[in-house]
Every structure is written in C-alpha cells, then in structure tokens.
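**Student:** generate coordinates for the sequence data below:
(2 chains, ligands or ions: 3)
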Amino acid sequence: MNECSVLIGGKAGDGINVAGQIIARIFTSLGYYVYMYYDYPSLIRGGHNFSMIRACTHPVGAYRSEIDILLAMDPTTLRRHQTKCKPDALIIYNSDTVQSDTGSGVPLKTIVEQNKGLAIMENTAMIGALASALGMEWDAIASIITHEMRKSTEKNLDIARAAFQLQAEKKELRRIGESPGILISGNEAVSLGLLSAGLNGYIAYPMSPSSGILHFLAASSHETGIQVFHPESEIAVITIAEGMAYAGAKAAVGTSGGGFCLMTEALSMAGMAEIPLTVILAQRSGPSTGTPTYTAQSDLHFAIHAGHGDFPRFVFAPGDSQQAFEWAGHALSLSWQFQVPSILMTDKTLAEGLYTVPPEFLQAHPPDSVLVTEVREEYRRYQDTDDGISPYASPPLSGAVIKGNSKSHDERGMSVDEAAPISAMTLKQMKKIRFMEEAVSQLNPVHISGNADSDVCLISWGSNAPLCREAAQTLGIKSIQPIVIHPFPEQEMHAAVKDSAMTFLLEDNYSGQLADICEAHGISINIRLPRFDGRPCTIDQLIENLRGRIK
Amino acid sequence: MTQQLITDAQNTWCPGCGNFAIQHAIKDVILRLESEGIPREMIVLVAGIGCHAKMADYLNINSLYTLHGRAVSFATGICMTNPDLHVICCLGDGDTYAEGIAHLLFAAKRNVNMTVLVHNNRVYGLTGGQVTPTSPTGYHGKSNPYESTEISFNPLSLLLSAGCSFVARGYTQRQKELTELIYAGIKHSGFSCIDILQICATFMNKTKEYDEQTYIPDDHDPEDFDAACRLVREYPYTTSGKIALGVVYREKREVFHVGTPYKQQEYSNTELFVRRFIDGRR
Ligand SMILES: Cc1ncc(C[n+]2csc(CCOP(=O)(O)OP(=O)(O)O)c2C)c(N)n1
Ligand code: SF4
Ligand SMILES: [Mg+2]
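**Tutor:** Numbering: from 1, shown residues only, chains lettered A, B, ... in the order given. Ligands and ions are numbered 1, 2, ... in the order given. Predicted structure coming up:
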C-alpha cells in the first residue's frame, strides 16, 4: 500500500475523535502525510460518530470513499461502512459487542475489564490491534501512546499491549521515513496564526464549528497571557472586540453563520469608524441553524456584503492548516495596517479537519506597532492622507482627543450631515482599496498547482483546495485557488485562466457563489460543480466526475 | 479646541431639554477630577444613539459614538483593555432599557468598572417621541396611538436584581445633586448606574410631576439591600408615588477583569507558547 484509508466509528461520547487523532499520529510516525475528517451529529451521547484517516506519500487534505481498514467499535459502524470496504480491506471489530463473519474480532471490552480500565479505553485496545495489523514494532506504538495519553499511561499501555498481542491478521504499511510534519487542525492553525501575529484578545460565543478556537485560546490563555472572553451574545462579542480595538488591543472574534448575522450592524460600524477587527467565520451548512456539525461554503456572498453601507474590507479563505495559520496572521495584521475589518473564512471541513504541516511552514510574523504615541499638531482620528490611512491612537494620549464615530463624521470624528464632509470621508475611506489590493498581491493571493500548462482549469476555494490540488495532479490539469476573495485578485485570476479551454469550479453551495464572482470579473466558468449535502466531496468522486467531463 | 471642554459643534438639543443639565454636570465632574490630578485624557465617553448621545459631539474628550443599544458593550471592551481609564456611558432609555437591555444587565452582573448615565426622558426623543420601556402606562406615541396597557420597567429594581453594585437616581432639575451623583459613580469601583429623570421639553415634560414627587431621603442606608429594594418600589415609573433621589444602593464587590490587559502582555509569551505547542506536536 502507498496510501491507506482507515475509518474508525463508534457512538458519540466514545472518544472517536481522539482515537482518530492517535491513528493519524501513527501514520505520521511512519512517514506519511495525513488528513483526518471527523463526522459527528450535533449531540453529546449516543448517535454515530466516525473519523476517516487517510495517509498518503504526498501532502493530503481530502479523504477517499473506499476504506482499507475499518475499525468497528460498535455494530452500527460495521453496518454503515462495510459496503465501502475495498475487497482486500481489513476489518477489526469489537467482538464483545459486534458480530461479524469476516475480519478480526478483538474482545475490547473484556481486555479493558481485565485491566480494570475505563470504557473509553476500548479505543486504546483498538489502537493496539491496529498497530499490530500495520506491522509496527511494539516499542514504536508504545512511544506514541505514552506521548498522547498523559493520564493513566501505564494502564493504557497494558490494554494496548493485550490487544496488540491478540491481533493476528495483518495489513502491513511500510515505514517510509521520518515524520513529514505535525498534525494540526484548522481551528488550531487559526488560533496559532492569530497569536503569532500579536493577538491581544479573543472574544466569542460558542458555535460549531468555530468553538474549537475559543476553547483552544481560552485553555492556553494562562500561558499566552491574552484576554479570552465569552459574553452574552454575538452582538456583545463584536462590540466588546471593537471597544478593545478602540483602546488599542488587537482583537479577533469567531463564529459561524448565525452568529455572524448578529454581528453585521457592528461590522458596519467597524467600516464607518475604521476600527480594525478580525472575524473568523467558520461556515457550516445553512440557511438558519442548518446542520451544525456539517460543512458548507454558502456564506461567501454574505461575508463580502455583510453590513449596511459601503466600506472596504478583506475576505480571505485559506484551504488547509498551513494556509489557515498564515492567513489568520495576515488577516489580523492587514486589518490593523488598513484599519478595516478582515474576515477569515473557514468551514467545518477545514476547522475540524486534521492536516500534516511541516513545522518550518509555521513561522510567526511579529506584529508591527501602528499606534501613534505622541502628537505634534492637533490630533485628528480621521485625518485625510495619501493612502486614506489615518493615524491610529488609543486613549490615553496626552494632548489628543480621540473621537471614534459610527456616524458620518469629519476628520476630527465629529458628526456631520452636510454633503461635502460626508462625501469627503467616503472618498478617504475608499482610497484605501487600491493600497489594499497592492498589499494582498504581494502575498500570493492565488495558489496554483497541478499541471500549470494544462488548458483545463479546476477552480476551488477554502477546504476544497487541497482536494482539487490532488485531483488536478492526478488528472494532469491545473488547480487554481484564490485565497484572497475580496478585494478580488482580478489580475492574478485572469493570468491563471488565460489559456483555459475548459474551467470547472467546485464549491460546497447550491448556487455557485465563487463562480458568480468569477463571472462578474469576466472569468467564465464552464462547469459548476455544486455540492450541498453537508459532506465534502471525496477524491475518488471528484476524479471520476472530472474524467467523465474533460474533453 | 483641546483646551475647552465644550466643542464647537452646533448644539441641537431643544430649548429646555434636560440634556443640558447632564452635560454641565459631566463637565463639572471632569473639572473636579482634573483638579484632583486625573488628566482629561484618562476619561472616555461612550455614547449610544439618540438625543442623549450627542454628548459625544458636544464634550471635547475622548469618545466612542457607537450604536443604538450597544454602548455598554463597547465600553466593556474598553474597560477590559485599559482598566486605568475612567469610562462614562451616556445612554438613552430606549437605547439601554429596550434595544440594549441585555448588555446593561450583564455589565451590572459582571461589575464592569464604568459609570452609566441613563438619560431617562421616558420617550424615544430623537425618533419622535415613541413609547419606551419606562414610558408610563397610558402613554401614546406615534407608534402606539391606540394601545397602551403595558406596565413600565422599574429600571432600578432590574439593576438591583442584576447585581448592580451602585444604583442611583438623579433628576435634571437638581443639577448640583446630579453632579455629586456622577462624581460618586465615577469614584465607585465597579459598575455604577445612575438613572437620570431627564426632562424632554418636546415630548415628555414631567417637570411639575417630578418637582412635586422627588425627594432626598434622609435616613436611607444605601448599604442595606432590602431597604434599597423597598425604596425603589415607591415609584414604579407610573405617574404617582414618591420618587427618591440619591444613591439607592452600593456595595463593594470584586471588579470585572479578564486575563492580562494588553499593555502588560508580552509578545514573547505568546511566541514561546506557539513554539512549545508546535514542538509538543512533533
Ligand atoms: C438599530 C437601530 N434601531 C433604530 C435606530 C433609530 N433610533 C435612533 S435614536 C432612537 C431612539 C432613541 O431613544 P432613546 O434611546 O430613549 O434616546 P433619546 O433620543 O430619547 O435620548 C432610535 C430608535 C437606530 N439608530 N439603530
Ligand atoms: S426631543 Fe426631547 S430629549 Fe431630544 S433634544 Fe428635544 S427635548 Fe431633548
Ligand atoms: Mg429617551
């Protein structure tokens, strides 16, 4: 095997996500790149959860429909996923609860009971059995378990060893080298990217799939020292964050579609009052409450247009953890450089997916201070300048009166309703756009991969990018991913599709939101590939679909 | 312009409006704070949207002129970030008792260190005199020409239940007492809220009623919570009842804070954490 897809499934509350992460870790230790997708309904106990872990010799960010190894913690897993097993797949099942006429039964429950462990440790037993089937040395798996299970390590080792020894059937995977990188989820990458760019505070109200960022930053706040707070509503979230920014702190907020809807009035205020702010918009399927734990990319038009009135903003859409780290940092820094809101879009697939990233790609960009610290002439918060960027000061500043204002205002921040100052302030604010475009075009706003000479283009955005990169590589076509969506990188996109004879665009929404944007900028999309069932497309489905259509 | 406390903005409050009294009370308090060595730049005014909020344009101090109902929440962010600032919110009764009631009660519950002045004129002044949560039963504005059966909120009761650590009531025709209250509110460490009975000369001129009914109790102990509850029940924001002015309740309670304010944060701690995290995943 030079790639391997594992599915582990069980009931909610069985720790399937953590088990999946350890399996992912096993594969990186064998030298493979890994992607893990975690599928779970919105409930805490019961229900069916599963993790799909795909290990490849090349960087990966998509999963395959077919399974090489099925790990059934319960009967539902076997019943629901057995049909997806390849003919030579290995099935390991919990013989204490699951009946099967194929595969290897391991009495997980009995092993755990014999070692006086907790029910959740059945996962450890399963991992022991898997390691044995893959042909690992005991020492290698023992060191992973020791590293990952800091609590009750000895007991977990005993349990894993018992299953390791029982498992006889093999599905060996060769160790191909050193670990290619660390495993990191989209939410973790966003958090680290924000921190690296000098985040001072993170304000959020729980909402899947963004909550991981809140939990991560809250848990680490004792070490990082930043302020993390969960107030009464998303309206409070964004208004608190803007208050923090007025007072000089770099703040970010995170939410999903519903919470972002509530934030829009204050987003518009960030536009008018020129308050720097970063919004992490982790999409899930909508409209409305939708399906909280399933994926979608249907908020693109909304993110670009959210808030009343005209004002400049950034919208970025990274596709994997490496890009999420990098662009979360850019989002924070650029929003302060230009004093405009920036929106970083992710989605459930990216936010809660696990990716292998070489650590050398996770470089901090130390923040530049943009605050004015002394005044020579009269301080004017909204002073007109060549690039439209006014001096940013936060109170207290001796000799300065700092007036932020959500109403139409003059350069001092005093409300106005006369025609001339209203249009003057709009022109000042809009002046920034050209400089914002220049700034993002320095940052490789469009990612191109696959066969750069091909006249067949496959465009995608967000979490579909690594999927499309792989499909393009396999089919010998060109993959194009705009990471900057707004201001639209028109030049780079036109250059990318210049010689295209056929252009596909895959996105997880019904209407083709990025396709509409591309067409509005004169880039014709021949075939839209919409997906709107809450699940990401798998690599085999995409390749088959494209093969049938490429002329 | 930096020297004067009143800006050169054209004042557009109606003649006889109670907001003038509040403006002058705030001005006097700022001068007093300055004479005590608190520089003007340490003060931030946060305003909602309504007639009351024009204060942000009229006072020549740091200000954030925000959104209808949300000022307290913006102010919470400012207080979190720089606890040394003196944050004063000018709010309307429509603004904070209707649109933004949640933020007000939560700030009281948290004991965020700010001073909230509610310009309670008991109407939506700026939008033409519509009914607010503290308009008396029976009041008809343009939005409720026929029905008016709802009872009023008693904002002081609400604040007491929410855990507000400084509750007071002022009246715009008693500017000297009002000034003292605002000063005391700023000196209070924690969340202070002053409901100010504000005359709206145009839509709700209750001067006669207030002049007759307001009084300053001489034997009230503001540290007695039950007495405070009894006192605020005297006037349920209808038209009758004695209206006590002054500090209704005060207590010492831990002030809201979250982690380390940004000026004390060290980027190196963050950087170190990121590096440790990445290394831990190897
Ligand atoms: C979200 C929102 N809704 C409505 C308005 C319109 N509006 C402006 S002021 C106001 C009422 C103000 O009443 P109040 O808060 O009591 O202030 P006053 O004018 O009486 O001082 C309203 C409804 C607005 N600006 N924003
Ligand atoms: S409408 Fe009422 S509150 Fe508004 S300025 Fe006029 S008198 Fe004052
Ligand atoms: Mg009012």
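**Student:** okay, CA-based contacts and neighbour counts for the rest of this
**Tutor:** Noted.
**Student:** list the contacts of the helix or strand hosting residue B:90.
**Tutor:** In this assignment (DSSP states H and E), residue B:90 forms part of strand B:86-92. For strand B:86-92, the surrounding residues in contact (CA atoms under 8 Å, 6 or more residues apart in numbering or on different chains) are B:42-53, B:55, B:69, B:71-72, B:75, B:78-79, B:113-121, B:124, B:186.
**Student:** please redo it, this time with the cut-off set to 7 Å
**Tutor:** B:42-48, B:50, B:52-53, B:71-72, B:75, B:114-120 (CA atoms under 7 Å, 6 or more residues apart in numbering or on different chains).
**Student:** near ligand 1, anything from it?
**Tutor:** Yes: Strand B:86-92 is in contact with ligand 1 by CA under 6 Å from any ligand atom, via residue B:92.
**Student:** how many other residues sit next to the nearest residue to residue A:471 once chain neighbours are set aside?
**Tutor:** In space, and not counting its chain neighbours, residue A:471 is closest to residue A:543: 5.8 Å by CA to CA, 6 or more residues apart in numbering or on different chains. The tally of other residues near residue A:543 (other CA atoms under 10 Å in any protein chain shown) stands at 17.
**Student:** on that earlier part again, quick check: mean pLDDT across the strand holding residue B:90?
**Tutor:** Mean pLDDT, strand B:86-92: 98.
**Student:** strand partners (parallel or antiparallel) of that strand?
**Tutor:** Here strand B:86-92 is paired, per DSSP bridges, with strand B:43-47 (parallel), strand B:115-120 (parallel).
**Student:** ok, back up a step: double-check that the residue nearest to residue A:471 belongs to a helix.
**Tutor:** Yes: secondary structure of residue A:543 (DSSP: H, G, I helix; E, B strand; the rest coil): part of a helix.
**Student:** from residue A:60, how far out is it?
**Tutor:** 15 Å (CA to CA, to the nearest Å).
**Student:** please parse chain A into its domains.
**Tutor:** For chain A, automatic domain parsing gives the domain ranges A:4-166, A:183-361, A:369-443, A:445-547.
**Student:** tell me which of those domains lies nearest to residue B:246.
**Tutor:** Ranking those by proximity to residue B:246 (CA to CA) places domain A:183-361 first, at 30.2 Å.
**Student:** restrict the contacts of strand B:86-92 to those near ligand 1?
**Tutor:** Okay, of those touching ligand 1 (CA under 6 Å from any ligand atom), that's B:50, B:52.
**Student:** select only the buried ones of the contacts of strand B:86-92 in PyMOL?
**Tutor:** This is the PyMOL syntax for the buried subset of the contacts of strand B:86-92, where burial follows 16 or more other CA atoms under 10 Å in any protein chain shown:
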select buried, chain B and resi 42+43+44+45+46+47+48+50+52+53+71+72+75+114+115+116+117+118+119+120
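**Student:** next helix or strand past the strand holding residue B:90?
**Tutor:** That would be, after strand B:86-92 and using DSSP H and E, helix B:93-94.
**Student:** who touches that following helix?
**Tutor:** For helix B:93-94, the external contacting residues (CA under 7 Å, 6+ apart) are B:118-124, B:132-133.
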